[in-house]
Each structure stands twice: as C-alpha cells, then as structure tokens.
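Enquirer: missing the sequence, but the structure's below:
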C-alpha cells in the first residue's frame, strides 16, 4: 500500500507540470477532473482538473468513455477540426510519414490521407503527388505547410487544405 501511495505521489509530481501547460493552452477538457472541479474557477481549478484527468487517463481512458457516452462533462457534439487533426497526426508521425512519402506509400501515408479526407480511390494519385514533391515538402521545417502548398497547387486536392 505504501509503495502504491509513493508511486501515485511521484506520478502526480512528474505529470503536474505537463497537465498545467496543457490546461493553460486548452482548458481542462472533460472527464472526472472537470466533474470534481465543477463550480470552481481560476487557474488552480483548471490545473487541478487537468492533472486529475491526465493521471486517470493513464489508468483508465475515462475521457474516451465520457466522449462516447456524453457523460463526465463531455460534449459529444464537439469535433476536432480537420486542420487540428492533421497537426496532431503529423506531430506524432512526422518521421514515419516522411519515409512513406519518399517511398510513395505505406501505412502512415494511408492514415494521413484518411485523416485529411482523401477518398480511397484517390489515394494512389495523392501518394504519387506527395512523392513527386518530397524535396519541396521536406525542405522547410514545417512539413504540413509543404504538404498544404503541394495540395493547393493541384486542382484535384485543393479542397483538402483548410
């Protein structure tokens, strides 16, 4: 029991700064933390709610449950924007996506195409376009800007850029 308490305390100490940064940028979101801190305001309440959510998500994906069922203060009518989805995907998969673009295909490139809404029948043309423009896409630090510029220059894919 004592080891568990020490472990949870250490986990809280290590994750609290991350939760605080996230809370300052986005708010606490939904979940048990939001329910526990409901009615309270200010930076401390938001940070505490975010920390509770962050820690509990490591043990049980309660926010996933909340979003699926519409409970725990989660609004199921809210969606993540396409642009934000692209940014998240790219942040987590940039290296693998870059390799797939260079090769003209692969699981990460196929997933990225799905994230931005490219229909399956257009995947081969999309993959080929990105492969042809690999040097341009990866020349800048912002790979997403390179991909967007490439898509904007091609009439088949211009509608997939926000």
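Expert: Arrived safely, thanks for sending. Since we're looking at a predicted model, the values are computed, not measured. Numbering: from 1, shown residues only.
Enquirer: from now on I want contacts and neighbour counts done on CA atoms only, so please keep to that.
Expert: Fine.
Enquirer: what's the pLDDT at residue 134?
Expert: The model reports residue 134 with a pLDDT of 96.
Enquirer: assign a three-state SS to the residue nearest to it when sequence neighbours are not counted, would you?
Expert: Distances taken as C-alpha to C-alpha, 6 or more residues apart in numbering place residue 102 nearest to residue 134, at 6.1 Å, with adjacent residues excluded. Secondary structure assignment for residue 102 (DSSP: H, G, I helix; E, B strand; the rest coil): helix.
Enquirer: likewise for residue 40?
Expert: At residue 40 the chain is in coil, as set by three-state DSSP.
Enquirer: tell me, how many neighbours does it end up with?
Expert: Using other C-alpha atoms under 10 Å, residue 40 has 12 other residues around it.
Enquirer: likewise residue 99?
Expert: Neighbours of residue 99 using other C-alpha under 10 Å come to 16.
Enquirer: so how far is residue 93 from it?
Expert: Distance of residue 99 to residue 93, computed by C-alpha to C-alpha, to the nearest Å: 10 Å.
Enquirer: what's the answer for residue 107, then?
Expert: As judged by C-alpha to C-alpha, residue 107 and residue 93 stand 11 Å apart.
Enquirer: what about these two, which has more around it?
Expert: Using other C-alpha under 10 Å, the more surrounded residue of residue 107 and residue 93 is residue 93, with 14 against 11.
Enquirer: now the residue nearest to residue 134: how far from residue 95?
Expert: Residue 102 is 11 Å from residue 95, by C-alpha to C-alpha.
Enquirer: what of residue 86?
Expert: Taking C-alpha to C-alpha, one finds residue 86 at 14 Å from residue 95.
Enquirer: who has more neighbours out of these two?
Expert: A count of neighbours by other C-alpha under 10 Å puts residue 86 above the other of residue 86 and residue 95, at 15 against 12.
Enquirer: from what I can see that one touches residue 112, true?
Expert: Yes: counting by C-alpha atoms under 8 Å, residue 112 is a contact partner of residue 86 at 7.4 Å.
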